[in-house]
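Engineer: predicted model follows, preceded by the sequence.
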Amino acid sequence: MDIIKRLKLNCSILPILVFILLSIIIFTFFRAGLVIWKYSDCAGNLGHIFFYGLRYDISINCSMFAPIFLISILSAFAGKTPKAIVTLQKYYLAVILAVQFFVELSTIPFILEYGVRPNRLYIEYLIYPKEVISMLLNGHILESVLCVVLTAAGFYFFLKFSKKLHENYTNVSRKLNGLILLITLIAVPLGLRGTLTHKPLNPANASFSNTPLVNTIPPNSSFTAFYATRHMKVDVVEGSQIYAFDKAENVLKNLKYLSARVLPDNIDEKCPINQVITPTYKQDKRRNVVIILEESLGARYVESLGGDAVSPNLEKLKSEGWWFERMYATGHRSVRGIEAVTASFPPGPLASQVKLDHPDGLTTIANVYSKLGYTTSFIYGGESHFDNMRTYFFNNGVNEIIEQKDFDNPEYVASWGVSDEDLFKKANEFFVRKSKGTEPFCSLVFTSTFHDPFDIPQNKVKLPESVKTNDPKRLTAAMYADYALGKFFEMAKKEEYFKDTVFVVIADHDSRVRGLDAFPFTNFSIPALIISPDITPSSDKRIVSQIDIFPTLLSLTGVSGEIPIVGQDLTKDNIIERAIIAYNETFGYYNTHTLTLLEPGRVVEYPVLDKNRLGEPVQREGNDYSREISYLNTALTIFEKNYGSLKCVKNLSQNN
């Protein structure tokens, strides 16, 4: 400290520079920890990791410290720096470093859950503090307390150190202060951009591995979180967020390779994605439609799909309907599953359609069945405002929403809403009441119990001894979700509406999708089952996607017409086997032969050895990925051109 005092520099310079250096040390420490953890993937690229890491560290610090830097320098022109400015600077430096420290600490559990550094999801969760705080207090209390205590201790140390740095300082001359200001005005923008190229530094610049987590080691978590915040516009995609853009005509041309679709004789230029739905099944009466969207219940929790034996009820039910062995989710968020199942909307670089505005109405299951005279509903055990679901459903054909506040005296309330048993009991009562009306009903039931922190009613289920796990709480919650599902079908089978209803049971996504070692393509495998009086029980081994549920349901319920959706009718034999997947900023196209991954700045392709294994990366002959680029741009094109508008639905009829 004596050396610092003898320097007698302007107080706007030394403390800030010292704190920037301290920040870089903290970032480097955490970065080194990740390198040690994933050393086998990083060994040949240590120079690359730490060189880019320094650039990211400088960039984020230029952004976070620039305001106080400029305030302090400008205030010094008045002569002696005002005491209020010095006090502001003391606390500002401590707060900024404490925030950076907190974000790095919270990175550890975030990576363990999602497989990458904090990103858009990290920021989105902050929008819903009630749900997040409840989740943390009920399932992550130790980690939360530890993070808060360490951050508080860090702030105390940073503030004490900051106050020490500000002792006995004098200002330099105005001439030297002017020079410092000039250097600052030049250096800060350069440091902030992190590069001399035409595009500023972004997380993709440092990518060097086929492993998503390893590619996020160079950037610090403050940078990735700040970058996500700057790109939170849900209806805008920038070049740094996508492998490549494509023209609408190319996207439309390549749709025939994405899905087996019958086109109308006369294609309307305003509705170019319309497909002709010709039902495979026609009934003498209109069937009800019930879609059960199971939270996080991926294939890893279904024994016959290669997972743990914690879904005995689903295993029993599969013998009663059309079971899909190779159904794939489009993403790792609920809103991706919702848009895929309810709107046959493919994933892409845009935010989910659940979060976007559709002034003309989006073609959804609820909208189409509403046009056919059905009553439509969304039944959820939590609060429907979460992730904009309430707005999405009400704006797109749902007549009635039942949510947590509508449950009278539920037996158990968890962090994310009432228990699945309460949910299904309410749903069954609702369906019984609706079945007494003159119109059929269409309903989406969305479960919530199988969600971190996995708080469930006690003494309902017990893991079988054959299941060995280091995460019993998660697997027990999965088993409870299956238990509640079984109870629902026990109730439903006793009711009159059951024999007149098409049921779909499908997961929204898998639990804990994370690419710690490679792209986690097996984590997108999910169970799916359709139970209907008209279906002969069978097991389907084709590779299919959540986006195929909508057109398949239309066919099963005798609906015909021109519908602007991308998926394919799985009742037909000539489908295209494929799955399309979005994982953070990586887009995947998966078929029987290859898995192609497109992410900002790079493309990787793997041969498919079997449904659970990939080979080593290969280079495609001619390096032509034009079709995959079109698939990547499909969602963006449909949204921007309004090709999925409800106005495009034509010649709609049922059982004709």
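Structural biologist: Cool, the structure landed.
Engineer: make it CA atoms for all contacts and neighbour counts henceforth
Structural biologist: Noted.
Engineer: residue boundaries of the helices in the stretch 201-350 of the chain?
Structural biologist: 212-215, 221-230, 248-258, 312-317, 334-343 (DSSP state H, counting those that start in this stretch).
Engineer: please work out which of these is packed deepest.
Structural biologist: helix 334-343 (a mean of 26; mean count of other CA atoms under 10 Å).
Engineer: what are the buried residues along the very next helix or strand once past that helix?
Structural biologist: Proceeding N to C from helix 334-343, the next assigned helix or strand is helix 365-371, under DSSP states H and E. By 16 or more other CA atoms under 10 Å, the buried positions in helix 365-371 come out as 365-370.
Engineer: and the residue nearest the centre of the protein?
Structural biologist: The centroid of the chain falls nearest to Arg333 when counting by CA atoms, centre = their mean (3.6 Å).
Engineer: what distance do you get for that one to Tyr122?
Structural biologist: Here Arg333 is placed at a distance of 12 Å from Tyr122 (CA to CA, to the nearest Å).
Engineer: just to revisit the earlier point, now the residue nearest to the centre of the chain. Its backbone dihedrals?
Structural biologist: phi -120, psi 150 (degrees, to the nearest 10).
Engineer: and what of Ser443?
Structural biologist: Note on Ser443: its backbone torsions stand at phi -140, psi 140 [degrees, to the nearest 10].
Engineer: please apply the same query to Ile581.
Structural biologist: According to degrees, to the nearest 10, Ile581 has phi -140, psi 140.
Engineer: do I have it right that it meets Gly331?
Structural biologist: Yes - counting by CA atoms under 8 Å, Gly331 is a contact partner of Ile581 at 5.6 Å.
Engineer: joint contacts of these two?
Structural biologist: 347, 524 (CA atoms under 8 Å, 6 or more residues apart in numbering).
Engineer: contacting residues around the longest strand that the chain contains?
Structural biologist: For the chain, the longest strand by residue count, based on DSSP state E, is strand 602-610. Contact with strand 602-610 is made by 210, 243, 592-598, 614-620, as judged by CA under 8 Å, 6+ apart.
Engineer: next one: that strand to chain centre, how far?
Structural biologist: Distance of strand 602-610 from its chain centroid, counting by CA atoms, centre = their mean, to the nearest Å, is 22 Å.
Engineer: over to stretch 546-562?
Structural biologist: 26 Å.
Engineer: tell me the one of the contacts of strand 602-610 nearest Ile292?
Structural biologist: Nearest to Ile292 among those is Thr592, at 28.0 Å by CA to CA.
Engineer: check what pLDDT that closest one gets.
Structural biologist: On pLDDT, Thr592 comes in at 93.
Engineer: could you do the one 10 residues further on as well?
Structural biologist: In this prediction, Arg602 carries a pLDDT score of 89.
Engineer: what's the burial count for it?
Structural biologist: Arg602: 15 surrounding residues under other CA atoms under 10 Å.
Engineer: for the remainder of this discussion, apply numbering that starts at 40.
Structural biologist: Yep, numbering from 40; the last one is Arg641 now.
Engineer: just to revisit the earlier point, buried sites along the longest strand of the chain?
Structural biologist: 642-647.
Engineer: also stretch 113-133?
Structural biologist: 115-116, 120, 124-125, 128-133.
Engineer: what do you get for stretch 615-632?
Structural biologist: Buried, per 16+ other CA under 10 Å, within stretch 615-632: 615-631.
Engineer: can you list contacts of that stretch?
Structural biologist: 280-281, 296-299, 367-371, 385-388, 563, 581-584, 634-639, 646-648, 667, 671.
Engineer: same thing with stretch 532-543?
Structural biologist: Stretch 532-543 is contacted by residues 325-331, 470-471, 474, 531, 567-572, 595-596 when judged by CA under 8 Å, 6+ apart.
Engineer: span of it from start to end?
Structural biologist: Using CA to CA, first and last residues of stretch 532-543 are 15 Å apart.
Engineer: and what of stretch 669-688?
Structural biologist: Stretch 669-688: ends 24 Å apart by CA to CA.
Engineer: repeat that for stretch 162-174.
Structural biologist: 16 Å.
Engineer: what's the neighbour count on Glu679?
Structural biologist: Glu679 has 12 neighbours, counted by other CA under 10 Å.
Engineer: give me the contact list for the strand or helix carrying it.
Structural biologist: For Glu679, the host element (DSSP H and E) is helix 665-680. Residues external to helix 665-680 that are found in contact with it (CA under 8 Å, 6+ apart): 282-285, 287, 289-290, 293-294, 297, 384-389, 626, 628, 635, 637, 682-683.
Engineer: could you identify the buried members of the contacts of strand 641-649?
Structural biologist: Looks like those have 249, 282, 631, 633-637, 653 buried, using 16+ other CA under 10 Å.
Engineer: which parts of the stretch 90-239 of the chain are helices?
Structural biologist: 122-153, 159-165, 168-178, 180-204, 213-232.
Engineer: any idea of the angle the fourth one forms with helix 122-153?
Structural biologist: If I follow you right, that is helix 180-204. With axes from the mean of the first three to the mean of the last three CA atoms, to 10 degrees defining the directions, helix 180-204 sits at 150 degrees from helix 122-153.
Engineer: helix 180-204: how far from the chain's middle?
Structural biologist: 31 Å.
Engineer: what of the last one?
Structural biologist: When distances are taken as CA atoms, centre = their mean, helix 213-232 is centred 40 Å away from the chain's centroid.
Engineer: now do the buried residues in it.
Structural biologist: So helix 213-232, judged by 16+ other CA under 10 Å, has buried residues 216-217, 220, 223, 227, 229-232.
Engineer: now the residues you listed as JSON lines including distance to Val315?
Structural biologist: Output for these, formatted as JSON lines (distance: CA to CA, whole Å):
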{"residue": "Asn216", "distance to Val315": "72"}
{"residue": "Gly217", "distance to Val315": "71"}
{"residue": "Leu220", "distance to Val315": "66"}
{"residue": "Thr223", "distance to Val315": "63"}
{"residue": "Val227", "distance to Val315": "57"}
{"residue": "Leu229", "distance to Val315": "55"}
{"residue": "Gly230", "distance to Val315": "55"}
{"residue": "Leu231", "distance to Val315": "52"}
{"residue": "Arg232", "distance to Val315": "50"}
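Engineer: closest to Ser145 among those?
Structural biologist: Looking across the buried residues of helix 213-232 and measuring by CA to CA, the closest to Ser145 is Leu231, at 24.0 Å.
Engineer: what's the neighbour count on the closest residue to that closest one other than its chain neighbours?
Structural biologist: Spatial nearest neighbour of Leu231, excluding adjacent residues (CA to CA, 6 or more residues apart in numbering): Ser98 at 4.2 Å. A count of nearby residues for Ser98, using other CA under 10 Å, gives 23.
Engineer: picking that back up, the helices of the stretch 90-239 of the chain: which one's closest to Leu336?
Structural biologist: Nearest to Leu336, of all the helices of the stretch 90-239 of the chain, is helix 122-153, at 15.2 Å by CA to CA.
Engineer: determine the set of other helices and strands touching the closest one.
Structural biologist: Judged by 3 or more CA pairs under 8 Å, 6 or more residues apart in numbering; DSSP states H and E, helix 122-153 is in contact with helix 53-76, helix 85-115, helix 180-204, helix 260-269.
Engineer: quick one, it and helix 260-269 angle?
Structural biologist: 90 degrees.
Engineer: now the angle from helix 122-153 to helix 85-115?
Structural biologist: Going by the same axes, to 10 degrees, helix 122-153 makes 150 degrees with helix 85-115.
Engineer: now do helix 122-153, average pLDDT.
Structural biologist: Rounded mean pLDDT across helix 122-153 is 91.
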